[in-house]
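Peer 1: dropping the sequence and predicted coords here.
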Amino acid sequence: MMRALTQDEYENELQPIVEQLTTELKGDQMLETYFTDKLPSRHIIYPCGAQLDKDLVSALADLMRSIHDPGLYVDFEGRTTYTNRRGLLETTPSSYYYVLTEQVEYAFNDEGIAQEFMDAERPFLFFDRYIVYSAHKRWVMVVEPEAYCALWGGDEALADLLTLKCSQIGRPIQEFLSFWKPDVPFTNSNLALEANYVWMPRMLIHVYGQEKAMSLLREPNILVD
């Protein structure tokens, strides 16, 4: 159902895609700077947890079929966490998978990715951040459960197709901003000091550009001068 990549397969198949479409920054900076200029159309998908919504998965599968994309790659970034039999949290090694287009809708439902890792040693499994890459190098999606969103990057034509099929992309971004609205509004002077929220303005700049990002932040009074 999902083909696990060996290190050689990763270097030959996935690594060239990663190097072409994304920066090398990972960890907490991924949402702020991850996409290169080869992914000019960027969208925030909200709400989005580790388990993707069925409509989103269906939209991605339709998109892949429309451009004859043979499949996608999934990078679990080495942060897949589960509770072992002793009740202790453990983290798996880095893991990379390839999924054929015709198997995408199964792979991302409850009986797919979750069951791929669920066994007697790993009850109560949940995922941290993971990244999905188009095999045709047309789009990338970063799924960030802690931020309750995903970041999608691709070309304009694909973005239009996906927006038509996925209501999570079409939702007003103000809903996402209001969900993350801090107790104390940002100001231009304290922006760098608000460690818990500083990723938000930077992510919006990465997605929309400086001018639109600042305008969006002011709308729900998250950012004030």
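Peer 2: Thanks, I have it.
Peer 1: quick check: which element contains S178?
Peer 2: helix 173-179 (DSSP states H and E).
Peer 1: buried ones in that helix, by neighbour count?
Peer 2: Neighbour counts over helix 173-179 (16 or more other Cβ atoms under 10 Å) mark I173, F176, L177 as buried. (Each C-beta comes from the backbone N, C-alpha and C, glycine too.)
Peer 1: thought the first one was touching I45?
Peer 2: No. Contact between I173 and I45 fails when scored by Cβ atoms under 8 Å: they sit 10.6 Å apart.
Peer 1: re earlier: can you show me the CA trace of the helix holding S178 as CSV?
Peer 2: What follows is helix 173-179, C-alpha atoms only, in CSV (Å, rounded to 0.1, in the frame of the first residue of the first chain):
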residue,chain,number,x,y,z
ILE,A,173,-8.1,33.3,6.4
GLN,A,174,-9.6,35.5,9.1
GLU,A,175,-11.1,32.4,10.7
PHE,A,176,-7.6,31.0,11.1
LEU,A,177,-6.2,34.2,12.4
SER,A,178,-9.0,34.5,15.0
PHE,A,179,-8.3,31.0,16.1
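Peer 1: for the record, mean pLDDT for that helix?
Peer 2: Throughout helix 173-179, pLDDT has a mean value of 82.
Peer 1: with stretch 103-121 instead?
Peer 2: pLDDT averaged over stretch 103-121 gives 61.
Peer 1: after the helix or strand that contains A157, which helix or strand is next?
Peer 2: Using DSSP H and E, the element containing A157 is helix 156-165. Note on helix 156-165: by DSSP H and E, the next helix or strand toward the C-terminus is helix 167-170.
Peer 1: what comes up buried for that following helix?
Peer 2: Q168, I169.
Peer 1: convert that helix to CSV, retaining C-alpha atoms only.
Peer 2: C-alpha atoms of helix 167-170 as CSV (Å, rounded to 0.1, in the frame of the first residue of the first chain):
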residue,chain,number,x,y,z
SER,A,167,-13.4,24.1,1.0
GLN,A,168,-10.6,24.3,3.5
ILE,A,169,-8.6,26.4,1.1
GLY,A,170,-11.5,28.6,0.3
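Peer 1: from the contact counts, what lies against it?
Peer 2: strand 41-45, helix 54-66, helix 156-165 (3 or more Cβ pairs under 8 Å, 6 or more residues apart in numbering; DSSP states H and E).
Peer 1: my guess is K165 contacts A61, does it?
Peer 2: No. The criterion here is Cβ under 8 Å, and K165 misses it with A61 at 9.7 Å.
Peer 1: overlap of the contact sets of these two?
Peer 2: Shared contacts of K165 and A61 (Cβ atoms under 8 Å, 6 or more residues apart in numbering): none.
Peer 1: where in the protein is the helix or strand with the lowest mean pLDDT?
Peer 2: Across the helices and strands of the chain, mean confidence by mean pLDDT, DSSP states H and E is lowest for strand 223-224: a mean of 44.
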